[in-house]
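>>> build the 3D model from these lines:
(2 chains)
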Amino acid sequence: MGEVGPPPRSVAAHGATEPALPLTLRRNAPLVPTDSAASRALAAVIAILTFLAALCAGAAEIVASSADQWQGTVAQEVTIQIRPSPARDIEADVGRAAAMARAAPGIAAARVFTKQEAERLLEPWLGSGLDLTDLPVPRLITLKLGRSPEPDLKALRASLTEALPGIASLDDHALWLQRLSTMANTFVGIGVGIVALVLVATGLAVVFATRGAMAGNREVVEVLHFVGADDDFIARAFQRRFFRLGLRGGVIGASLALAAFALAGIVARNWRSGPAGDEIEALFGTFQVGWRGYASVILIGVIASVVTGIVSRLTVRRFLA
Amino acid sequence: MSDRVNAESLLPGAEEPVVQFEHVGMRYGLGPEVLSDVSFQIAPRSFQFLTGPSGAGKTTLLRLILLAVRPTRGLVSVFGEEVSGISSEALTGLRRRMGVVFQDFRLLDHLTTYENVALPLRVQGRAETSYRAEVVELLRWVGLGERMHVLPPLLSGGEKQRAAIARALIARPELLLADEPTGNVDPGLGRRLLRLFIELNRLGTSVLIATHDFALMDLVDARRLVLGDGRLAVQS
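The predicted model follows:
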């Protein structure tokens, strides 16, 4: 440095000209140092937690949509059972019940199972090749429900019991449906609970990491205070840094979860071609994470990063106060 | 800023001191008093040295003015505002009117020289393009034009010193505090830095330089605040 010349205009008044700056000059680097080992570890923790939460949400979504599928198919059908009675002509009873059902409003179709069909339904339990003619095998009529007019099952049941007391009964699978929906709701509830727990764990991890970063950057915080930064500015600098970390972790975790779903989908499709696949499908429904599932995975990634940003800001404000 | 200066110059007798200490005592925790019964004023546009042997409390006194610590007793007023129970917004406002050069520079090692010097303007929320010209001009003036993209660990002691001074000056403070600003440089550079502070003082900034370099103080005919055994004596 040579002799001190007159002070620059900028100290006396604002400079006007735009001087050429070297292209390599870094000009707006983050105020809080990034990319320490601790931040990488935090990003990894957030990625893992997001991945687990996303898997959970996806599983809950599969259960919910499978349960919907089952309920949809099961609820569209009701069954009339006709018990044989030695004193009566069962064919006449079946015909009468079928006629009543067809005449009832909202019944789209009625299919009468013949005696042979009814016997065949028993085959899995009794084995084939048996002569069942002497056995009192009940007969079934399945009814497909239409959408409009609204079927009045109560009235149909009442008129059936009135016309064929002790012989005809109507089963609308209500008990099954109720159990199914209770089970599905329980699964979804557990899923939501786990997702919430994982997000809380993310928040707590961020609190610890932020406090560590504040302690590690005490010097930086002090200098920022001395050059005239207010608490809000400092909190924002930390929030920006942690939001970026959270975003990175969230994106990695959510992408892994999406990849896992895609992979599981491919595997499930390959299985389905085998005989075991049919049974799995019958039990669990098709393995399909609908758009709702993918949307919730992405949403969890976003929520994880937002939670990270907000929690770190609150922690810094508290730390500075 | 210029409005306020003009208004004050109409009533020179009524100008309030930039810093006022009244019977200030200071101790850390339950330790002995570092400062006891210190009273003095810093007038607007004045130039003074703060001196005394090592450990006499110079840095503590500067930290009191910077509002980094609060007095144990007595009153400290900065820019006419009594600082006990001051809100954090008002505190930030007062700090933005001061510039400070620390003994150990306190440059942020992960920011370039340019970013370090621009920091006081950046924390005010200004856009980078709005202050670029000012920062570059000041960097060239203190002789760091070629070093603006360098990180502080790669700067020499003298370069760090000048970067720290540039950071203290960039926001055109009304009060400049410097703690041993010539402690790490050869006497020649020390004299040039002193001339820089005098130049600033001519532009209207109050300057307080803490030093125990008597050769440096003898170069300027300025008021000396002498600390010894926690008490302050003023030599005009």
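
>>> is it true that B:Val220 touches B:Ile198?
Yes. Shown here, B:Val220 and B:Ile198 form a contact pair, counting by CB atoms under 8 Å, at 6.7 Å. Using the backbone N, CA and C atoms, a C-beta is placed for each residue, glycine as well.

>>> which neighbours do the two share?
B:Phe47 (CB atoms under 8 Å, 6 or more residues apart in numbering or on different chains).

>>> helix, strand or coil for B:Leu107?
Following DSSP: H, G, I helix; E, B strand; the rest coil, B:Leu107 is assigned to coil.

>>> give me the distance between the nearest residue to it once chain neighbours are set aside and chain A.
In space, and not counting its chain neighbours, B:Leu107 is closest to B:Pro152: 4.1 Å by CB to CB, 6 or more residues apart in numbering or on different chains. Distance of B:Pro152 to chain A, given as CB to the nearest CB, to the nearest Å: 12 Å.

>>> and if you look at B:Glu81?
Taken as CB to the nearest CB, the span from B:Glu81 to chain A is 15 Å.

>>> in a strand, that's where B:Ser77 is, yeah?
Yes. The assignment for B:Ser77 is a strand, going by three-state DSSP.

>>> would you map the helices across the chain?
By default, I'm working from chain A. Taking DSSP state H as the test, the helices found in chain A are A:9-12, A:37-75, A:90-103, A:115-126, A:153-163, A:174-216, A:218-226, A:231-272, A:275-284, A:291-320.

>>> my bad, chain B
Listed in chain order, the helices of chain B (DSSP H) span B:2-10, B:58-65, B:88-95, B:113-122, B:128-141, B:157-169, B:187-202, B:214-217.

>>> and A:Ser39, what is it in contact with?
By CB under 8 Å, 6+ apart, the contact set of A:Ser39 is A:209, A:213, A:241, A:245.

>>> so the third one touches A:Pro30, yeah?
By that I understand A:Arg241. Yes. Counting by CB under 8 Å, A:Pro30 is a contact partner of A:Arg241 at 5.9 Å.

>>> just for chain A, where's the confidence low?
Applying pLDDT under 70 to chain A picks out residues A:1-24, A:35, A:274-288.

>>> how does it look with 50?
A:1-3, A:12-17 (pLDDT under 50).

>>> tell me the confidence at the residue lying closest to B:Phe214 once chain neighbours are set aside?
Spatially, and ignoring its direct neighbours in sequence, B:Phe214 is nearest to B:Thr51 (7.8 Å; CB to CB, 6+ apart). B:Thr51 is assigned a predicted lDDT (pLDDT) of 93.

>>> does the residue lying closest to A:Gly95 once chain neighbours are set aside have beta-bridge partners, and which?
Distance criterion CB to CB, 6+ apart; nearest residue to A:Gly95, sequence neighbours excluded, is A:Val112 at 8.0 Å. Bridge pairing for A:Val112 (DSSP bridges) gives the partners A:Ile141.

>>> number of residues surrounding A:Val112?
The tally of other residues near A:Val112 (other CB atoms under 10 Å in any protein chain shown) stands at 18.

>>> same thing with B:Ala233?
Per other CB under 10 Å, the neighbour tally for B:Ala233 reads 11.

>>> show me which helix or strand of chain B is least confident by mean pLDDT.
Using mean pLDDT, DSSP states H and E, helix B:2-10 stands out as the lowest-scoring helix or strand of chain B, at a mean of 40.

>>> for chain B, which spans come out with low pLDDT?
Along chain B, the parts satisfying pLDDT under 50 run over B:1-13.

>>> for the residue lying farthest from the centre of it, phi and psi?
Using CA atoms, centre = their mean, the residue of chain B lying farthest from its centre is B:Leu30. It sits 28.3 Å away. Note on B:Leu30: backbone dihedrals following degrees, to the nearest 10 are phi -100, psi 10.

>>> residues in contact with the closest residue in space to B:Leu75 that isn't next to it in sequence?
Leaving aside its chain neighbours, B:Leu75 sits nearest to B:Glu22 (4.4 Å; criterion: CB to CB, 6+ apart). Contacts for B:Glu22 (CB under 8 Å, 6+ apart) come out as B:39, B:74-77.

>>> buried ones only from those residues, please, as a ChimeraX command.
Here is the ChimeraX command that picks out the buried ones among those, judged by 16 or more other CB atoms under 10 Å in any protein chain shown:
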select /B:74,76,77
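
>>> show me the contacts for the residue nearest the centre of chain B.
Centroid-nearest residue in chain B, with CA atoms, centre = their mean: B:Leu177, separated by 1.4 Å. By CB under 8 Å, 6+ apart, the residues touching B:Leu177 are B:62, B:65-66, B:98-101, B:168, B:208, B:210.

>>> picking up where we left off before, with mean neighbour count added, can I get the helices of chain B in TSV?
As requested, the helices of chain B are exported to TSV (neighbours: other CB atoms under 10 Å in any protein chain shown):
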stretch	mean neighbour count
helix B:2-10	10
helix B:58-65	21
helix B:88-95	17
helix B:113-122	26
helix B:128-141	20
helix B:157-169	24
helix B:187-202	17
helix B:214-217	14
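
>>> now the ones you listed in JSON lines, with distance to A:Arg96?
Output for these, formatted as JSON lines (distance: least, CB to CB, whole Å):
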{"stretch": "helix B:2-10", "distance to A:Arg96": "103"}
{"stretch": "helix B:58-65", "distance to A:Arg96": "102"}
{"stretch": "helix B:88-95", "distance to A:Arg96": "88"}
{"stretch": "helix B:113-122", "distance to A:Arg96": "90"}
{"stretch": "helix B:128-141", "distance to A:Arg96": "89"}
{"stretch": "helix B:157-169", "distance to A:Arg96": "100"}
{"stretch": "helix B:187-202", "distance to A:Arg96": "111"}
{"stretch": "helix B:214-217", "distance to A:Arg96": "120"}
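
>>> interface residues of the stretch 151-300 of chain A facing chain B?
Within the stretch 151-300 of chain A, the positions lying close to chain B (CB under 8 Å from any CB of the partner chain) are A:219-220, A:222-231, A:233.

>>> try 6 Å
A:220, A:223, A:226-231, A:233 (CB under 6 Å from any CB of the partner chain).
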